[in-house]
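Visitor: Need coordinates for the following:
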Amino acid sequence: MKCFLHALVFLSFILAAEAQAGWPIPGAPGNVPMPPPPPVRTMAEWEEVQAIVITWDPDYTQILKEVVRHSQAECRVLIITTQPAVLEAFLRSENVPMENVGFIEADFNSVWIRDYGPWSVYHNDVDSLMIVDWIYDDTTRTRDDTLSRRVAQQLGLPIYEATEPPYDWVHAGGNNLQDGMGSLLSSELVLETNPDKAWEEIEAIAQAFLGISPGRYFTLPTLPYDSIHHLDMHMRFLDEETLLIGEYPEGVADGPQIEENVALLQQLTTAFGNPYQIVRIPMPPDAWGRYPDEGGYYRTYTNGIFVNKTYLLPIYEEQYDTTALRIHRELLPGYNIVGIDCDAIVDNFGAIHCITKLVGVNEPLRIAHARLRDTENNAGPYPVKAIIQHRSGVANATLYYRTAPESLYTALPMMLEDAQASIWSAFIPSQPAHTEVQYYIHATANSGKEQVRPMAAPEGYFRFRVLPPSGVGERPTQSEALNLRLYPNPAREVVRLCFTSTKA
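Guide: So this is what the prediction gives:
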């Protein structure tokens, strides 16, 4: 193992030297069974994307059709299919706009492109866009395992593959949750699919191919009733510091293990050094009121996907969906939250996230930010800091804030606080207790490109509340109310009551 690690470090040094010397990064369609030139960073899902990629399985026509319909207004849609002409005619007959839809004619084994599809990584955080791939953990699906090459070829991007020793990595994309800041979460399935590798070897591969920071690859125990053991079936990152995690009624199905995993996550800190903000969302029973421990389907609301200003959310039944939609609208104000019925696919342990893959833009204007949290500080001011990067450099940045919904924002110029770390900052003035502050960040690159964070701004925003001193009562807001849920509904002989706080 030591020889492997030493070789990996040496190779990274050589690649870094080549990149700094201006040597060209190999272009498509070459398939390179070695790491990309360091340093690299994997894109977060809430960053700007140029394309969403799906594989068209006729068994899931209705779901895939709606993914295309609601994604094409945000970015290019690439569909892997064996019959592009037939599929195009079908989509047109369903009144799906086709101006932003393209096809890749190729054979495949399955619809689950999340697990075998391409990963977008950037050299030097925001420079050259590259594709990374590894060995699909379902090794019987050999056609699926090469489709990332076709996507890279279609987009003219270089692809680097963790497929040959010593980098051979057997993994699943649904078990690969990242924050765009060098952090990675997986279930312990990654250990089972790589039995001949020590943990240090797996971690070194993740560092080399995905830019994972040392010590920031975290694994969690698998769940007893989630047979595929992919984390995206019960949790996801919503931003750099917020985790949305499913919640069962007490003692039900995978609930006990999820709660143990939540306790583990509460001991970790984010890439910014803060505790994770963990928001819970119900895991609903199936149409017959059964949970997975009773043979029920694995319905989940964490298996959604960002597509620029739109968020596609799996839905199932109105009696449960209304809560999930409300939670997402509170967490992602300004985003177009679109529910897509996934009851026809979730029995196979997958929903929207499992059947989609994103490709980042070629020249991102990145804004990474640890959103401000509720505070009792009414003396202020409130520092707002963000990492802002573009390959051409950043011309200026502005913080916009307001203290009354629907009112005009006040603009504050942000100053470059740390040029080496690309940190920009501004200060929101002090506010009295019981104030909700809403804000967003705007940046302009030297090239003229503009970007906002959150991407749905100004309709979307981050927010924090100035609370009264501890011990002084205040009326709970809608976003922190307690929900009483009855399962199943309508009731059977036995019902479960579950109290859940939805405080964001």
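Visitor: Which helix or which strand is home to E200?
Guide: Using DSSP states H and E, E200 sits within helix 199-210.
Visitor: and the helix or strand following that helix, what other elements does it pack with?
Guide: Next along the chain after helix 199-210, taking DSSP H and E as the criterion, comes strand 217-220. The contact analysis (3 or more CB pairs under 8 Å, 6 or more residues apart in numbering; DSSP states H and E) places strand 217-220 against strand 184-187, helix 199-210, helix 255-265. C-beta here means a position set from N, CA and C on the backbone, and glycine is covered the same way.
Visitor: one more time with 7 Å
Guide: Under the contact criterion of 3 or more CB pairs under 7 Å, 6 or more residues apart in numbering; DSSP states H and E, strand 217-220 touches strand 184-187.
Visitor: The strand it packs on - contacts with which helices or strands?
Guide: Against strand 184-187 (3+ CB pairs under 7 Å, 6+ apart) you get strand 217-220.
Visitor: mind listing what the strand it packs on pairs with, with the direction of each?
Guide: Neighbouring strands of strand 217-220 in its sheet, by DSSP bridges, are strand 184-187 (parallel).
Visitor: Surely E66 touches C342?
Guide: No. Counting by CB atoms under 7 Å, E66 stays clear of C342, with 9.7 Å between them.
Visitor: The two: who's more crowded?
Guide: C342 (27 against 19; other CB atoms under 10 Å).
Visitor: who touches the more buried one in this structure?
Guide: Going by CB atoms under 7 Å, 6 or more residues apart in numbering, C342 touches 63, 314-316, 351-352.
Visitor: on that earlier part again, how about the helix holding E200: buried residues?
Guide: By 16 or more other CB atoms under 10 Å, the buried positions in helix 199-210 come out as 201-210.
Visitor: counting contacts, what elements does the strand ranked longest in the chain pack onto?
Guide: If you go by DSSP state E, the chain has its longest strand at strand 435-445. Contacts defined by 3+ CB pairs under 7 Å, 6+ apart place strand 435-445 against strand 366-369, strand 382-389, strand 394-402, strand 450-453, strand 462-466.
Visitor: Give the burial count for A395, as a bare number.
Guide: By other CB under 10 Å, 14 other residues sit near A395.
Visitor: Retrieve the pLDDT associated with it.
Guide: For A395, the pLDDT comes out at 99.
Visitor: Likewise for V190?
Guide: Reading off the model, V190 has pLDDT 99.
Visitor: How about F13?
Guide: pLDDT for F13: 40.
Visitor: Okay, now the unreliable bits of the chain?
Guide: Scanning the chain for pLDDT under 70 picks out the ranges 1-30, 471-504.
Visitor: quick one, domains of it?
Guide: 25-360, 366-466 (automatic domain parsing).
Visitor: Can you say which of those is packed in most?
Guide: When you average the neighbours per residue for each of the domains of the chain (mean count of other CB atoms under 10 Å), domain 25-360 leads with a mean of 20.
Visitor: And stretch 186-198, end to end?
Guide: 15 Å (CA to CA, to the nearest Å).
Visitor: sorry, that was for stretch 234-247
Guide: Taking CA to CA, the first and last residues of stretch 234-247 lie 8 Å apart.
Visitor: From here on, call the first residue 119.
Guide: In the new numbering, first residue 119, that becomes stretch 352-365.
Visitor: Could I get the full set of helices for this structure?
Guide: For the chain, the helices defined by DSSP state H occupy 120-138, 179-189, 202-211, 231-234, 265-273, 307-310, 317-328, 373-383, 436-449.
Visitor: so which of those helices gets nearest W252?
Guide: Ranking those by proximity to W252 (CB to CB) places helix 317-328 first, at 7.3 Å.
Visitor: Tell me which other helices or strands the closest one touches.
Guide: helix 120-138, strand 277-280.
Visitor: returning to what we had before: out of the contacts of C460, list just those in strands.
Guide: Short answer: the contacts of C460 in strands (DSSP E) are 432-433.
Visitor: Quickly name whichever of the contacts of C460 is closest to T258.
Guide: A469 (22.6 Å).
Visitor: which residues does that closest one contact?
Guide: Residues in contact with A469 (CB under 7 Å, 6+ apart) are 418, 421, 432, 460, 463.
Visitor: And it, how close does it get to E165?
Guide: Distance, A469 to E165, using CB to CB, to the nearest Å: 22 Å.
Visitor: Can you give the distance of stretch 539-554 from its chain's centre?
Guide: Once both centres are worked out by CA atoms, centre = their mean, to the nearest Å, stretch 539-554 turns out to sit 26 Å from its chain's centre.
Visitor: Kindly check the end-to-end length of that stretch for me.
Guide: Termini of stretch 539-554 sit 30 Å apart (CA to CA).
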